[in-house]
Each structure stands twice: as C-alpha cells, then as structure tokens.
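> Provided below are the primary sequence and the corresponding predicted coordinates.
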Amino acid sequence: MLSLSCVFIQIIVATLGASYQALPSKYQTLVLGFNDTKGSIIPFDKAEKADEFVKGSREDSAAEKCHQTFDAATSWRDDLFFIKDTRYWRVHDHQVYDGIEMSAFWQNFPNISRVDAAFPQPNSGSIVFISGASYWTYTGPYAAEPPPRPTSDFGVHQNDTIRAAYYWEGNTRIYLIGTNQYWSINLDLKPVPGYPKDLNTIGGLPRQLDAAFGKGEEVYFLEGQKAWRLNLDKLEVDADDVINVASRWLGCPKIETSTTHSSVIENTTSSCRGLVGSAIDAITSLIFCAILVFSTYV
C-alpha cells in the first residue's frame with residue numbers, strides 16, 4: 001500500500017508543479033528512489049514518467065522538438081540535454097525524453113523564465129545552470145550550495161551576458177560565450193588567467209548563437225535548428241559541415257539544411273494547455289489526493 005501511495009505522491013507533485021523538497025523526507029526517498037541523501041544518481045525515468053503520466057500523450061512534444069530552437073544545451077553523465085525555457089529534452093542511449101519540466105527532476109528549481117546556458121562540472125558530477133547574471137549548481141537533483149551565485153565568480157562582468165557554455169575534455173576547461181568575448185574557468189569554477197578573449201578569435205562563430213555543448217573531444221555551436229562543429233586545431237567553426245539538431249540528436253526525420261548561418265532565429269513558443277485541460281488536471285489532482293489520504297491510513 002505504501003508503494004501505491006508513493007506513486008500517487010509522485011503524480012501529485014508533478015501535476016501541481018510542487019517541489020519534492022516540500023515532501024517529508026521519508027516520501028522524498030520513496031518517490032525519488034534514493035538510497036541516501038548525499039546527491040546520489042537519481043533515475044531520471046521516475047520524474048519523467050510521473051510528468052508524462054500527468055500530461056498524457058507526448059505526441060505534441062515529440063513533434064515540437066523537430067521544429068524547436070533551444071536556449072541551452074549540455075552533456076551531463078553521458079546524456080545530452082537540450083533546454084527550451086524551463087523544459088528539457090534528454091537523449092539517453094539513443095532514446096529521447098521529450099519536453100520535461102526542469103522542476104520534475106531538479107528540486108527547488110529557480111523561478112526563472114529560461115536557462116541561458118548550462119555545463120557539467122565533471123570533477124564533482126554536478127551540473128550548472130546560468131540565467132542572467134546568476135548560476136545554480138546541482139549535484140543530482142539537489143542544489144549543491146546556497147543558490148544563486150553571481151556569474152562574477154567566473155570573472156564575468158555583471159553587465160555581460162552569457163549566451164552559451166561548454167566543457168571541453170581536451171583541456172578539462174569550461175568556456176563561457178558572451179556577446180563579444182568569452183571566458184574560461186577550471187573545474188573548480190575559478191577564472192583561468194588570460195581571459196576574457198575577443199570572440200572573433202573563434203572563426204566562423206554563428207552570429208545569433210543560441211547554445212553550445214561539448215561531447216567527448218568535440219564541441220558544437222547551435223543557432224536556430226542548426227549546429228556546427230568546432231575545428232579545435234584551427235579554432236574555427238567548420239562551416240561546410242552543417243548539422244540539423246533535430247535529425248542528428250532528437251530522432252527526427254532527416255532534413256536538408258543549408259550551410260549558411262541564419263541571421264534570424266525562428267522563435268517557437270510552446271502550446272498552452274486549454275482551460276478544459278487545466279480543469280481536468282485540477283480535478284485529477286484532487287482525486288489522487290483523496291486516494292493518497294485513504295491509502296495512507298488504511
């Protein structure tokens with residue numbers, strides 16, 4: 001009966017958009033599947049399946065990804081994440097999990113409208129999210145330190161905006177891309193001497209850069225629905241090797257893509273739930289709450 005209660009708790013949390021942190025610790029452990037409270041790896045599928053159960057069919061989100069532009073992207077723990085506003089598409093072992101709310105996995109996710117950049121911190125197994133002049137560090141689903149921290153920790157001026165970030169395994173450094181310059185920090189998130197540098201030193205960088213990520217020894221830059229690989233020997237983007245993000249990584253049909261950088265980013269907005277759908281969600285939540293209370297005391 002307790003395991004059944006756990007399922008209902010999980011569904012209710014995802015439906016109401018509440019934080020797992022608000023639950024009693026015994027239910028946090030049951031819902032999230034942890035064996036300890038020190039930030040062990042959480043099975044993503046628990047949060048994602050609860051989110052999917054509440055929202056119903058993922059067909060709309062699956063179709064959306066094939067025409068989506070992204071605000072941020074990163075690799076973390078062997079998975080790829082593409083982020084739009086406060087939702088993520090996760091690529092794990094060639095399987096794509098579509099349009100999951102960030103708060104379904106990361107507890108107490110900040111009340112922000114979008115993530116500007118993200119990158120992994122391999123020495124601690126953490127992931128860092130940047131929005132505006134602030135950043136948040138998470139170890140597993142838990143914030144690793146009192147958030148938020150200012151991006152000035154990285155040597156970034158408060159008036160500068162970070163548009164993208166990536167980790168490169170070749171020299172174990174993290175790079176932060178701004179409007180006209182870029183910075184480098186080490187795995188302890190400390191500034192590397194000699195930075196910032198002029199962005200023009202990276203040849204062929206897309207003008208309307210949306211995101212970047214490192215995957216193994218390779219680095220990719222995203223603009224709109226396209227991506228280009230960085231030639232690390234020449235420190236310039238391989239303009240002739242244009243990649244369609246959706247067909248390369250998100251399992252969409254192959255699309256012919258021009259090699260030129262687009263100057264205008266297509267802005268796609270997420271479809272909103274109708275009033276009827278919201279009412280059904282609210283009623284469903286009340287029913288599950290009632291079942292939860294009944295199953296807890298029976």
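All right, it came through fine.
> Can you list the low-confidence ranges for the stretch 151-298 of the chain?
Residues of the stretch 151-298 of the chain that meet the criterion pLDDT under 70 lie in 255-298.
> mind listing the strands for it?
Per DSSP state E, counting those that start in this stretch, the stretch 151-298 of the chain has strands spanning 164-168, 173-177, 181-185, 197-198, 211-215, 218-223, 226-231, 236-244. These are given in chain order.
> which residues does Val91 bridge with?
The bridge-partner assignment for Val91, based on DSSP bridges, gives Leu80, Val96.
> That one and Gly155, how far apart?
Per CB to CB, to the nearest Å, Val91 is found 31 Å from Gly155. Any C-beta I mention is one placed from the backbone N, CA and C, and that applies to glycine too.
> picking that back up, what's the closest of the strands of the stretch 151-298 of the chain to Gly99?
strand 211-215 (16.4 Å; CB to CB).
> Surely Gln68 is in contact with Lys84?
Yes. Taking contact to mean CB atoms under 8 Å, the distance of 6.0 Å between Gln68 and Lys84 places them in contact.
> Show me where the stretch 51-200 of the chain has its helices.
For the stretch 51-200 of the chain, the helices identified by DSSP state H, counting those that start in this stretch occupy 59-65, in order along the chain.
> now the strands of the stretch 151-298 of the chain as CSV including mean neighbour count and distance to Asp79?
Supplementary listing: these in CSV, determined by neighbours: other CB atoms under 10 Å; distance: least, CB to CB, whole Å:
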stretch, mean neighbour count, distance to Asp79
strand 164-168, 25, 14
strand 173-177, 22, 18
strand 181-185, 21, 22
strand 197-198, 11, 30
strand 211-215, 25, 10
strand 218-223, 21, 15
strand 226-231, 21, 17
strand 236-244, 15, 19
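> Quick one: these as JSON lines, columns for distance to Thr139 too.
As requested, these are arranged in JSON lines below (distance: least, CB to CB, whole Å):
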{"stretch": "strand 164-168", "distance to Thr139": "16"}
{"stretch": "strand 173-177", "distance to Thr139": "16"}
{"stretch": "strand 181-185", "distance to Thr139": "18"}
{"stretch": "strand 197-198", "distance to Thr139": "30"}
{"stretch": "strand 211-215", "distance to Thr139": "20"}
{"stretch": "strand 218-223", "distance to Thr139": "24"}
{"stretch": "strand 226-231", "distance to Thr139": "28"}
{"stretch": "strand 236-244", "distance to Thr139": "31"}
